[in-house]
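K.L.:
I would like the atomic coordinates for the input below:
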Amino acid sequence: MSMVAKILIFVNLALAVAVMGAAGAYLQSAENWRDQFNKKDSDTKATILDLQGNLKQTQGNLDEANRKAAAATAAQAASEATVRTLQTNQDLLQKSQTAMQTSLSGLEARIGDLQQNLAAARAANDNLQKEKAQADDEKRAALEAKAAAETEQKRLENAVANLTGQLDAADKNKAALAEELEKTSTSLAIYKEKYPPIGVQAAPVKGMVLAAEPKTGIYLISVGSKNGLKVADELTISNENGFVASVVVDKVFDDKASVMVKRIGGKALKKDGTEIRQGDKVGNSY
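P.N.:
Numbering: from 1, shown residues only. The predicted structure is shown next:
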């Protein structure tokens, strides 16, 4: 029941009570009816005025209530629109949640794979660390070996330098000895020409040239002391074309010897334009 209906009922009840009171008073005393009527009329008018004031106030309250009802209706419509929007959003969220659940399942599977890969990677890393430690040990050993090798290299370089100096000195001494040997060989040859040897002749010797060094004038032959060869023995070198040179034994070893071209009066006893070569024959008789 609305507020206006309640007010009207209240007004009707009040009017009915007033009328009934007036009628009762009229019946009880005719003499006092006018006074009572006037008084009642006055009271009724006052009551009517009060009721009219109350009615205006009630109408104002009713208007306010109508405005609030209209506002409430508008708010309800807005709420319903909001509810529909929320419902739509909820549907979208439900779909999104379903999709996210599916993605989560895939991610969990992916995480499982990643964990397996991580375990494998850790195992591989442990192996790499071990290999690195081994490599570091090998590197340290290599560095130590390198340092030792460098030290040895320096020692060898010093030794080579010393040997080079000694070799240079030996070459100079060798050149001097070669010159002295040439002079001695020449003197010996001249002596042998003037004073032929007496007694047993040297045993026959046959061999070949093993190495030839024309620049130094020293040649290595394939016969030595076990073949009866001695220092200062004279031999002949020949090739397919005949005589090449006469040589004198310089040094003798067991199975080889070094020889030099014989010289007389500073002239080498060698065929002009022909060099002693490896493979040439050498001997004192053929």
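
K.L.:
which residues of the stretch 151-286 of the chain fall in strands?
P.N.:
206-213, 218-221, 234-239, 242-252, 257-261, 263-264, 267-268, 281-283 (DSSP state E, counting those that start in this stretch).

K.L.:
so where's the stretch 151-286 of the chain shaky on pLDDT?
P.N.:
159-160, 163, 167, 170-171, 173-203, 285-286 (pLDDT under 70).

K.L.:
What helix or strand is V11 located in?
P.N.:
helix 3-28 (DSSP states H and E).

K.L.:
which parts of that helix are buried?
P.N.:
Buried residues in helix 3-28, counting neighbours by 16 or more other Cβ atoms under 10 Å, are found at I7, V11, A14, A18, A22, A25. (Each C-beta comes from the backbone N, C-alpha and C, glycine too.)

K.L.:
okay, S29: pLDDT?
P.N.:
Note for S29: predicted pLDDT of 69.

K.L.:
Now do the host helix or strand of F37: which elements does it pack against?
P.N.:
Per DSSP H and E: F37 is located in helix 33-194. Helices and strands touching helix 33-194, by 3 or more Cβ pairs under 8 Å, 6 or more residues apart in numbering; DSSP states H and E, are helix 3-28, strand 242-252, strand 257-261, strand 263-264.

K.L.:
In CSV, list these along with distance to T82.
P.N.:
CSV is the format used below for these (distance: least, Cβ to Cβ, whole Å):
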stretch, distance to T82
helix 3-28, 29
strand 242-252, 123
strand 257-261, 121
strand 263-264, 132
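
K.L.:
ok, the residue nearest to V252 when sequence neighbours are not counted to D254 distance?
P.N.:
Using Cβ to Cβ, 6 or more residues apart in numbering and skipping the chain neighbours, the partner closest in space to V252 is S225 (5.0 Å). Taking Cβ to Cβ, to the nearest Å as the measure, S225 falls 6 Å from D254.

K.L.:
These two - which one has more neighbours?
P.N.:
A count of neighbours by other Cβ atoms under 10 Å puts S225 above the other of S225 and D254, at 14 against 9.

K.L.:
pretty sure that one contacts K251?
P.N.:
No - counting by Cβ atoms under 8 Å, K251 is not a contact partner of S225; they are 10.3 Å apart.

K.L.:
that older thread, the helix holding V11 packs against which elements?
P.N.:
helix 33-194.

K.L.:
between the helix it packs on and helix 3-28, how many degrees?
P.N.:
Interaxial angle of helix 33-194 relative to helix 3-28 (axes from the mean of the first three to the mean of the last three Cα atoms, to 10 degrees): 160 degrees.

K.L.:
Helix 33-194 vs strand 242-252, what angle?
P.N.:
Going by the same axes, to 10 degrees, helix 33-194 makes 110 degrees with strand 242-252.

K.L.:
Centre of the chain to helix 33-194, how far?
P.N.:
18 Å (Cα atoms, centre = their mean, to the nearest Å).
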